[in-house]
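In: my questions concern the predicted model and sequence given below.
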Amino acid sequence: MHRLFVSDHLVGPFPPDFPNIEAMMSLAYVADRTSRVGFGTQVAPLTLRDPVLLLRQAAALHSLSGGRMVLGVGAGWNEREHRMFGYPFGTARDRSRRLDEALTVMRGLLRGEGRCSFDGQVFHVDDAMLADAGIPGTMPILVGGGHRTLTLLLVAKHADIWGAQVLSPREFAERNALLDTLLVAEGRDSDLVPRVLLQGILCGTEEQIAEMLRRVPILPADMAVAERRAFFETAWRYAVGTPEEVHERLEEYVRAGVDEFVVQWFNFFGIEGRERIGQEIALLESLVA
C-alpha cells in the first residue's frame, strides 16, 4: 500500500512562514477523498499534542477509513514553535521522558485489555478507557527519530514502526543493528518492526535541480547553487542527482536495512518538480521490483 504522510507543525523552524494546514484535519480530508491509499503523521510532536485526544482522533480516522491510518509521534524538536506559542520545550531528556509516558498511556488505551491506569511525572490516567478507539489494537504507532539512546530505546519499547530521518546510509545501518539488539532485549521480534526512512529527493537534470534549489526561500538569496545543493545533501541527507545517481543512493539505504521510504517534499520546489514525483516513485518501486 502506498501511503501519504503529513508533517505536524505550527510553524517551521525558521522564517519565512508558509500556510500550514493542520495535520489531523488534512488527514480527514485525505481519508474522505481516497479509498486505497494509506496515510498518517510523520510525526506529531507530543510536546504540543495531548496523547489521549490525539489517539482518539487517529483511531477514529483509522476506523472510518477501513484501517488506513498510521499514527506517527515524536519527542518534538522545533524549539521556535514552542517558544512562539508558549509550549514548554525543555531538554532532550525532558522530551524523551514525556514521549515515553505518552506512549505508555497510548498503548495502554489502544492495545491493553480492560482499563488503563498510569501515574507518571507528566501524564496520569486512572481506570481509563476509550470506548471509541477504533478497530481494536490494529492501528500501527510509528515512533520517529534516530537518537541512539533516547529514541531507539522508546522505539524498541513501544513502536510498531521505526521512522528514521536525516541519517546517512552508514548511520542508518549502525542504528538499525542497535535497534535489533534493543528489540531482542525487550523480548520482541525485530523482523516485526518495519524501518521507514523519511528521505528527501531532488531528481532531474543539473538544470532542473539548480532551478529547484534557487527557489528555496529559507536559504540566503546570494547563496550559490553549489552551496545550496551541499546544504541539502549534508544537513538534510537529501539524495540529489540524475535518476541513476538517486537510484544508487537509495540502494545504499536498502542495503542498510530500510524497508520503506517516505519521500519528503516542500512546495517551494515548484509545480514542475511535483510533476516529477511520478519519476521519483518509479525509482523507489524499482528497488523492490
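Out: Cool, got the structure. Numbers count the residues shown, from 1 in each chain.

In: what segments of the stretch 1-150 of the chain are strands?
Out: 3-6, 38-41, 44-45, 69-74, 116-119, 124-128, 141-144 (DSSP state E, counting those that start in this stretch).

In: output those as JSON lines; include the columns mean neighbour count and distance to Asp94.
Out: Heads up, the C-betas are built off the backbone N, CA and C, glycines and all. Listed next are the strands of the stretch 1-150 of the chain as JSON lines, based on neighbours: other C-beta atoms under 10 Å; distance: least, C-beta to C-beta, whole Å:
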{"stretch": "strand 3-6", "mean neighbour count": "18", "distance to Asp94": "26"}
{"stretch": "strand 38-41", "mean neighbour count": "24", "distance to Asp94": "22"}
{"stretch": "strand 44-45", "mean neighbour count": "25", "distance to Asp94": "13"}
{"stretch": "strand 69-74", "mean neighbour count": "26", "distance to Asp94": "14"}
{"stretch": "strand 116-119", "mean neighbour count": "14", "distance to Asp94": "18"}
{"stretch": "strand 124-128", "mean neighbour count": "12", "distance to Asp94": "17"}
{"stretch": "strand 141-144", "mean neighbour count": "24", "distance to Asp94": "17"}
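
In: what's the closest of these to Phe261?
Out: strand 3-6 (10.5 Å; C-beta to C-beta).

In: direction included, what does the closest one pair up with?
Out: strand 38-41 (parallel) (DSSP bridges).

In: CA atoms of the strand it pairs with as PDB?
Out: These are the backbone C-alpha positions of strand 38-41, laid out as PDB (Å, rounded to 0.1, in the frame of the first residue of the first chain):
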ATOM      1  CA  GLY A  38      -2.700   4.800   3.500                       C
ATOM      2  CA  PHE A  39      -1.900   7.900   5.400                       C
ATOM      3  CA  GLY A  40      -0.500   9.200   8.700                       C
ATOM      4  CA  THR A  41       1.600  11.800  10.600                       C
END
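
In: columns mean pLDDT on top of the strands of the stretch 1-150 of the chain, output as a markdown table?
Out: Shown next, in a markdown table, are these (pLDDT from 0 to 100):
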| stretch | mean pLDDT |
| --- | --- |
| strand 3-6 | 94 |
| strand 38-41 | 98 |
| strand 44-45 | 98 |
| strand 69-74 | 97 |
| strand 116-119 | 95 |
| strand 124-128 | 95 |
| strand 141-144 | 98 |
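
In: mind checking which helix or strand the residue nearest to Ala156 when sequence neighbours are not counted is in?
Out: Nearest residue to Ala156, sequence neighbours excluded (C-beta to C-beta, 6 or more residues apart in numbering): Leu182, at 3.6 Å. Per DSSP states H and E: Leu182 is located in helix 169-185.

In: how about that helix: buried residues?
Out: Pro169, Phe172, Ala173, Arg175, Asn176, Leu179, Asp180, Leu182, Leu183 (16 or more other C-beta atoms under 10 Å).

In: nearest to Leu27, out of the strands of the stretch 1-150 of the chain?
Out: Smallest distance to Leu27 across the strands of the stretch 1-150 of the chain (C-beta to C-beta): 5.4 Å, for strand 38-41.

In: picking that back up, just how off-centre is the helix holding Leu182 within its chain?
Out: 18 Å (C-alpha atoms, centre = their mean, to the nearest Å).

In: what's the helix of greatest length in the chain in contact with?
Out: For the chain, the longest helix by residue count, based on DSSP state H, is helix 92-111. With C-beta atoms under 8 Å, 6 or more residues apart in numbering as the test, helix 92-111 has contacts from 46-47, 51-52, 54-55, 59, 73-76, 88-90, 116, 118, 120-123, 125, 128-130, 133, 136-137, 139, 141, 143, 147, 150-151, 154, 157-159.

In: noted, bye for now.
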